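> turn this into a model:
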Amino acid sequence: FRSIKFPEPKRIKGQEDVLALRCDPIPEVKVAFIGIGMRGSKAVERYCQLEGVEIKALCDVNSLNVQDAEATLKKFNKPAADTYTGVEDWKKICERPDIDLIYICTPWELHSPIAVYAMNHGKHAAVEVPAALTIQECWALVDASERNRKHCIMLENCIYDYFEMATLNMSQKGVLGDLLYAEGAYIHDLRSLMFDEENGYWNMWRLKYNQKHTGNPYPTHGLGPIAHSLNIHRGDRMDYLVSMSTSQKGLTLHARQKYGDESPFVKQSYALGDMNNTLIHTLKGKNLLIQHDISNPRPYNRLYTLVGTKGYIQKYPFPIATIEPNSESVLTNGSVDSLLKVYEHPFYKEIGEKAREVGGHGGMDYVMDYRLIYCLHNGLPLDMDVYDAAEWSSIVELSEVSVLNGSAPVKVPDFTRGEWNKLEKLNYSW
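This next block holds a predicted model:
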């Protein structure tokens, strides 16, 4: 069949892949936070509770956010950090010689530019989701990481949820057999937050993005965990996708109910369809379904479903599993909890109690941060690399292209440039 294909630039001479990249250990990681809003403020609080970390700089265009972060440092008896509030002060921070890690929690449009600039100035980059909005930005991340031999991790916290980690362990141990199909989603009613000019997203950036773009603009919470379980770029890779969206009703209806018929929010058109379904096919014949809906009154749902030759397990809307040889016996609720306990991931055995104490989406945010710092301390490869960041983020533009072209198949670029099974050959797993 004929499919839409983006150019795949060849690796520049002298560059090498960064699969299983190891960098020099950093005994005390010096961190700068750029963007201290909804996500960044919580990250500062978590990092105050990690050992071997020094927070050197705080940056946000809203001075009140910086002041709140300063108060957080004081609350935990941490040294004061340098503060920045200029629109382009992030460049000054990346240029400082005394910082190891740039932690990026800005609006989406700045994720890739800051991460690339950070790596080009010798810093590791940790960037919120999605790491990039376009295929061009995805390649820029890959090239910056390869060229500078620096880590670039997308802060996909759902990878580290207790349920997802236990089922990853099950997958790696073969409990579910050969995985053939998986589902992931981001279904979260964000209407009130997007239209809240005072307490919602800064400058209403998320609503403005949805006015211009369709497809799936936020795929990685659903895609990340199932991609790891299905060994994407660890023995398989995404080959092509098809995507379709419903018409847009929810945002306009909500604006009318909240502001009245004459509101500019009602008269404004919104490109984002209420519900997007993106189906991804891998080279080895596996299928991944990714859904997105932030415009309707639906309960929160990430789906998280794994289907294999020996078993099935799902998390939402309620836990359920069937496992061979007793597949006729359906496990639910407490029985699933018992199953997960048997396969509790070593990360949670080690730091689960502390993670739940610190919090952050039930503890998964703390596990994510702990693992990043642990790997930097010990010079280890990160659990997620720049190819994960690029592959998962690429769905943003690829899904939009498919939708705008009548759900045409769109090829997923190979950001590893032919090395997608290298980690499998090395028998490397985390």
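> any idea how many residues pack against the closest residue to residue 323 other than its chain neighbours?
Nearest residue to residue 323, sequence neighbours excluded (CB to CB, 6 or more residues apart in numbering): residue 311, at 4.2 Å. From N, CA and C alone the C-beta is placed, and that goes for glycine too. Residue 311 has 23 neighbouring residues, counting by other CB atoms under 10 Å.
> for residue 311, what are its contacts?
Counting by CB atoms under 8 Å, 6 or more residues apart in numbering, residue 311 makes contact with 170, 175-177, 321-324, 327.
> so residue 351 sits against residue 368, correct?
No: taking CB atoms under 8 Å as the definition, residue 351 is not a contact partner of residue 368, at 11.0 Å.
> which residues do the two both contact?
Counting by CB under 8 Å, 6+ apart, residue 351 and residue 368 have no common neighbour.
> more neighbours, the two?
Higher neighbour count among residue 351 and residue 368: residue 368, with 27 against 18, using other CB under 10 Å.
> buried ones in the helix or strand harbouring the more buried one?
Using DSSP states H and E, residue 368 maps to helix 364-378. Buried residues in helix 364-378, defined by neighbour count with 16 or more other CB atoms under 10 Å: 364-377.
> rewinding a little: of the contacts of residue 311, which is the nearest to residue 35?
Nearest to residue 35 among those: residue 170, at 35.4 Å, using CB to CB.
> looks to me like the closest one is in a helix.
Yes: assigned with DSSP: H, G, I helix; E, B strand; the rest coil, residue 170 falls within a helix.
> with adjacent residues omitted, what lies nearest to it?
residue 343 (4.7 Å).
> isn't the one you found right next to residue 172, touching?
No: contact criterion CB under 8 Å: residue 343 and residue 172 do not qualify, at 9.5 Å.
> just put the buried residues of helix 364-378 in JSON lines and tack on distance to residue 51.
Shown next, in JSON lines, are the buried residues of helix 364-378 (distance: CB to CB, whole Å):
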{"residue": "364", "distance to residue 51": "19"}
{"residue": "365", "distance to residue 51": "17"}
{"residue": "366", "distance to residue 51": "13"}
{"residue": "367", "distance to residue 51": "15"}
{"residue": "368", "distance to residue 51": "16"}
{"residue": "369", "distance to residue 51": "12"}
{"residue": "370", "distance to residue 51": "9"}
{"residue": "371", "distance to residue 51": "14"}
{"residue": "372", "distance to residue 51": "13"}
{"residue": "373", "distance to residue 51": "8"}
{"residue": "374", "distance to residue 51": "10"}
{"residue": "375", "distance to residue 51": "14"}
{"residue": "376", "distance to residue 51": "12"}
{"residue": "377", "distance to residue 51": "9"}
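> residues contacting the spatially closest residue to residue 191 that is not a sequence neighbour?
Using CB to CB, 6+ apart and skipping the chain neighbours, the partner closest in space to residue 191 is residue 254 (4.3 Å). Counting by CB under 8 Å, 6+ apart, residue 254 makes contact with 191-192, 195, 295.
> mark which of the residues you listed are buried, thanks.
191, 195, 295.
> quick one: what helix or strand has residue 389 in it?
Judged by DSSP H and E, residue 389 forms part of helix 386-393.
> who's in contact with that helix?
Contacts with helix 386-393, where a contact means CB under 8 Å, 6+ apart, come from 18-19, 127, 129-133, 137-139, 141-142, 145-146, 151-154, 156, 219-220, 223-224, 227, 232-233, 237-238, 412, 415-416.
> tell me the mean pLDDT for it?
For helix 386-393, mean pLDDT rounds to 98.
> can you show me the CA trace of the helix or strand that it is followed by as CSV?
Next helix or strand after helix 386-393 toward the C-terminus (DSSP H and E): helix 395-404. Extracted in CSV, the C-alpha atoms of helix 395-404 (Å, rounded to 0.1, in the frame of the first residue of the first chain):
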residue,chain,number,x,y,z
ILE,A,395,2.8,10.5,17.1
VAL,A,396,1.8,14.1,17.6
GLU,A,397,2.5,15.2,14.1
LEU,A,398,2.1,11.7,12.4
SER,A,399,-1.5,11.3,13.8
GLU,A,400,-2.4,14.8,12.6
VAL,A,401,-1.1,14.1,9.1
SER,A,402,-3.1,10.9,8.9
VAL,A,403,-6.3,12.6,10.1
LEU,A,404,-5.9,15.5,7.6
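> what comes up buried for helix 395-404?
Those would be 395-403, for helix 395-404 by 16+ other CB under 10 Å.
> okay, these in CSV with distance to residue 264 next?
Output for these, formatted as CSV (distance: CB to CB, whole Å):
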residue, distance to residue 264
395, 31
396, 26
397, 28
398, 32
399, 28
400, 25
401, 29
402, 31
403, 26
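> which of those residues sits closest to residue 53?
Distances from residue 53 to those, taken by CB to CB, are shortest for residue 396, at 30.8 Å.
> and the gap between the closest one and residue 169?
Residue 396 sits 29 Å away from residue 169, going by CB to CB, to the nearest Å.
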